[in-house]
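> test case, fold it:
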Amino acid sequence: MRRITRALAVLGIAAAALTTLGTGGAGAADGSWAGCPYGAVCVYPQNQNPASAPSDVYWSYGAHNLSNQNGNHWVLNNQSGGAHAHLCRGSGGSDCVYDIPAQNGVYYDLGPINSLTLDRP
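The predicted structure follows:
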């Protein structure tokens with residue numbers, strides 16, 4: 001129950017922050033959103049809120065292992081055409097626990113997350 005309450009609190013903060021970010025960044029002339037280039041998935045430094053400058057940018061489909069990512073981070077999926085990103089507990093894109101649709105983001109504790117995937121629509 002405690003874990004669910006914490007997850008709901010984090011989700012509430014994420015929703016509020018995304019509302020604050022709005023679509024202003026996504027509507028930039030170059031398609032970037034909060035510094036995340038159009039077509040990429042971006043991870044931002046721990047506790048950077050609102051998201052403004054990504055620390056990691058991923059372009060290619062498939063699994064990407066993460067390292068030294070602890071605490072809360074923004075993860076923005078600025079891909080197009082319905083491409084999804086997933087946060088996964090295992091390395092190599094295994095045991096995925098969170099789905100991020102295109103043009104969406106989440107403020108998430110990446111401590112238990114060991115990889116992310118970029119998936120074609």
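> C-alpha only now, for contacts and for neighbours.
Will do.
> in this structure, which helix or strand is least confident?
Comparing every helix and strand of the chain by mean pLDDT, DSSP states H and E singles out helix 2-21 as the least confident one, with a mean of 43.
> show residues contacting the next helix or strand after it.
Later in the chain than helix 2-21, the nearest helix or strand by DSSP states H and E is strand 41-43. For strand 41-43, the external contacting residues (Cα atoms under 8 Å, 6 or more residues apart in numbering) are 36, 54-59, 73-79, 85, 118.
> in its sheet, what does strand 41-43 sit against?
Based on DSSP bridges, the strands next to strand 41-43 in the sheet, each with its direction, are strand 56-58 (antiparallel), strand 72-77 (antiparallel).
> please work out which of these is packed deepest.
strand 72-77 (a mean of 25; mean count of other Cα atoms under 10 Å).
> put the alpha carbons of it into CSV.
As requested, the backbone C-alpha atoms of strand 72-77 are provided in CSV (Å, rounded to 0.1, in the frame of the first residue of the first chain):
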residue,chain,number,x,y,z
ASN,A,72,13.9,10.9,-9.8
HIS,A,73,14.6,11.8,-13.4
TRP,A,74,12.4,13.1,-16.3
VAL,A,75,12.3,10.8,-19.2
LEU,A,76,10.7,12.3,-22.3
ASN,A,77,9.7,10.4,-25.4
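> who's in contact with it?
Strand 72-77 has contacts (Cα under 8 Å, 6+ apart) with 36, 40-49, 51, 84-85, 100-110.
> quick revisit: going by distance to Ser91, which of the contacts of strand 41-43 wins?
Within the set of the contacts of strand 41-43, Leu118 lies nearest Ser91; the separation is 13.8 Å, counting by Cα to Cα.
> isn't the closest one right up against Ser60?
Yes: taking contact to mean Cα atoms under 8 Å, the distance of 6.9 Å between Leu118 and Ser60 places them in contact.
> how far away is the residue nearest to Gln69 when sequence neighbours are not counted from Gly93?
Closest residue to Gln69 apart from its sequence neighbours, by Cα to Cα, 6 or more residues apart in numbering: Leu110 at 5.8 Å. In this structure, Leu110 and Gly93 are separated by 14 Å, where distance is defined by Cα to Cα, to the nearest Å.
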